[in-house]
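Colleague: 3D, please:
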Amino acid sequence: MKYGFCEQAVVPVRSQPGEQQEMTNQLLFGDLVFVKDSLNDWLLIETSNDNYEGWIDKKQIQIIDQNIFKDHQKEHPIYSLELCSNAVSESKKALRLTMGARLPNYSNGHFQIKDQLYYFTGNTSNPKEKAGNKQIVQTAQNYLGSPYLWGGRSPFGIDCSGFTQIVFKMCGKQLQRDASQQIEQGETVNLLQEAKAADLAFFENREGNINHVGILLNNTSIIHAYGIVRIDEIDHQGIYNTDTKKYTHQLRIIKRILFQ
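Modeller: Numbers count the residues shown, from 1 in each chain. Reported below is the predicted structural model:
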């Protein structure tokens with residue numbers, strides 16, 4: 001088994017090896033992966049936080065020692081809140097970061113990769129300091145206007161479950177990658193009237209399959225990735241798009257992720 005660390009701002013993860021294959025996920029800076037197989041210039045990886053598999057270009061990941069990998073896993077995570085920023089080393093090497101980047105060994109404005117120190121002056125999210133429903137809402141609103149992108153997890157392109165996952169991750173709660181997996185997490189809220197800010201609302205298609213998820217701001221509005229990350233009205237039927245004056249998603253269930 002080999003181990004990897006993402007040093008790129010964003011790395012596409014594909015369903016099969018090849019640049020033309022479907023992008024099903026993205027790695028962000030600081031993500032850790034298990035390397036399970038290889039084929040020519042491609043690596044089959046599994047993300048350490050949610051066990052999601054896919055193929056990446058081997059030139060876009062740093063292979064690291066198992067002990068370093070385990071040390072990173074044990075760290076208390078700190079995340080960048082900056083839309084786009086640089087971290088600069090003492091040797092003037094610059095790393096590109098985006099919102100949601102995990103900063104390894106972060107302390108007092110700098111973080112460390114192996115023996116290299118990088119300085120980062122941007123705003124950060126520390127889940128231990130203020131994790132909770134209010135932080136979920138504030139973090140989610142940072143993504144307003146981000147374009148929808150199937151498989152995306154960054155503010156430059158994000159899908160519905162990638163949006164909910166990265167927001168909760170930055171606030172100290174790990175969700176699975178896909179909406180059909182996330183629906184199995186948390187506690188059921190029986191009625192929309194009982195819903196609170198930061199509850200997850202799940203939606204279904206005509207066949208009854210889960211096809212969308214968003215974060216409730218209260219029991220009448222939702223923030224979600226649909227075209228762009230936007231705020232819409234919600235009622236017992238589902239999401240009502242005020243631009244088109246139509247319902248776009250049929251409500252299935254509401255789940256609450258508990259903070260200790």
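
Colleague: would you confirm that C6 contacts V33?
Modeller: Yes. Here C6 lies in contact with V33, judged by C-beta atoms under 8 Å, at a distance of 7.3 Å. Every C-beta, even on glycine, is put in place using the N, C-alpha and C of the backbone.

Colleague: who's more crowded, those two?
Modeller: V33 (28 against 23; other C-beta atoms under 10 Å).

Colleague: surely the more buried one meets L44?
Modeller: No. Judged on C-beta under 8 Å, V33 makes no contact with L44 at a distance of 9.8 Å.

Colleague: about what we covered before: anything in contact with each of C6 and V33?
Modeller: Taking C-beta atoms under 8 Å, 6 or more residues apart in numbering as the criterion, C6 and V33 both touch L27, I61.

Colleague: what residue is smack in the middle of this protein?
Modeller: The residue at the geometric middle of the chain, judged as the C-alpha nearest the mean C-alpha position with C-alpha atoms, centre = their mean, is I166 (2.3 Å).

Colleague: so where is the protein shaky, pLDDT-wise?
Modeller: Counting by pLDDT under 70, the chain contains low-confidence residues at 130, 260.

Colleague: ok, which stretches of the stretch 51-200 of the chain are strands?
Modeller: Assigned by DSSP state E, counting those that start in this stretch, the stretch 51-200 of the chain shows strands spanning 53-57, 62-64, 79-80, 84-89, 94-98, 110-113, 116-119, 124-125, 153-154, 157-158, 187-189, 200-204.

Colleague: contacts made by the fifth one with the rest, please.
Modeller: Taking contacts as C-beta under 8 Å, 6+ apart, the residues outside strand 94-98 that touch it are 7-10, 28-29, 80, 82-89, 118, 120, 122, 154-156.

Colleague: the third one too?
Modeller: The contact list for strand 79-80, computed with C-beta under 8 Å, 6+ apart, reads 29, 97-103, 120, 122-125, 169-170.

Colleague: domain ranges for the chain?
Modeller: Described in terms of the TED database, the domain architecture of the chain consists of the residue ranges 1-74, 75-125, 133-256.

Colleague: what's the span of the last one from first residue to last?
Modeller: The straight-line separation of the ends of domain 133-256 (C-alpha to C-alpha, to the nearest Å) is 10 Å.

Colleague: follow-up on the earlier one: spatially nearest residue to the residue nearest to the centre of the chain (excluding sequence neighbours)?
Modeller: Leaving aside its sequence neighbours, I166 sits nearest to G100 (C-beta to C-beta, 6 or more residues apart in numbering; 4.7 Å).
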